[in-house]
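Asks: Coordinates only, no sequence provided:
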């Protein structure tokens, strides 16, 4: 039996406004997520930046090695490079181990590749300087197959051109935010075809599949394809060998 838990980023990314919960209730959900990770050997928890410091402290209090991840520029990715850097600097100061940036795929689609490259290089450099993992969400539901390939290949090329080879395992390409609104029932998260395209073009960079992995069989297939991490709001369902109705 494959140990799925070691690949999982157990995720809760709804804001209080989106969930209808209070700040205190949201923090409690994040603590429950952290405790589940401790209890079941889940690799990481992925939460909003506002809660990083408290969850990091909670895990320290439990003497836990569970990794704390957060999201930057979430979920549209259209804020400026300076705004992403500022948000990342605060998250790092608060104790985040991994930072999942939403790349400015809108700028990419509009042909402003220089802007996308600048934010990638500057934000990745910040993470690596502090010993953190940087993951770049390309939002595959917003892209055609050839654009998924091109965007992944650009990120791989920029990484290899700007950072030493031994740092490349700390730079991921990630599929999805789970918040992109699609039409006609189109998946808004990782698909097997989308992940295959990413893997074929990621070069030496690891790939993270996020969203849409709802059964243990799906998770094992993603891992067999070659993904190194899976982002899911259904971590316990995957571990307990049950399917999930969660969107992410």
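Replies: Now that the structure is in, tell me what you want to look at. The shown structure was predicted, so the numbers you read here are calculated from the model rather than taken from an experiment.
Asks: Helices of the chain, start to end?
Replies: Counting by DSSP state H, the chain has helices at residues 16-19, 23-40, 52-61, 81-94, 105-109, 113-129, 145-162, 192-201, 216-225, 235-239.
Asks: Out of those helices, which is the most enclosed?
Replies: Among the helices of the chain, ranked by average contacts under mean count of other C-beta atoms under 10 Å, first place goes to helix 235-239 (a mean of 22). Heads up, the C-betas are built off the backbone N, CA and C, glycines and all.
Asks: who's in contact with that one?
Replies: 4-5, 8, 10-11, 36-37, 40, 42, 213-216, 219, 230, 232, 243-244, 246 (C-beta atoms under 8 Å, 6 or more residues apart in numbering).
Asks: In ChimeraX, how would I select just the buried ones from these?
Replies: Entered in ChimeraX, the line below selects the buried ones among the contacts of helix 235-239, by 16 or more other C-beta atoms under 10 Å:
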select :4,5,8,10,11,36,37,42,213,214,216,219,230,232,244,246
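Asks: Strands - which of the contacts of helix 235-239 land there?
Replies: Among the contacts of helix 235-239, the members found in strands (DSSP state E) are 8, 10, 11, 230, 232.
Asks: Who are the contact partners of the spatially most central residue of the chain?
Replies: The residue lying closest to the centre of the chain (C-alpha atoms, centre = their mean) is residue 100, at 4.6 Å. Neighbouring residues of residue 100 by C-beta under 8 Å, 6+ apart: 46, 69, 70, 71, 72, 74, 135, 136, 137, 174, 231.
Asks: How about residue 192?
Replies: 221, 222, 225.
Asks: Now the first one: closest residue in space, sequence neighbours ignored.
Replies: The spatially closest residue to residue 221, leaving aside those adjacent along the chain, is residue 192, at 6.8 Å (C-beta to C-beta, 6 or more residues apart in numbering).
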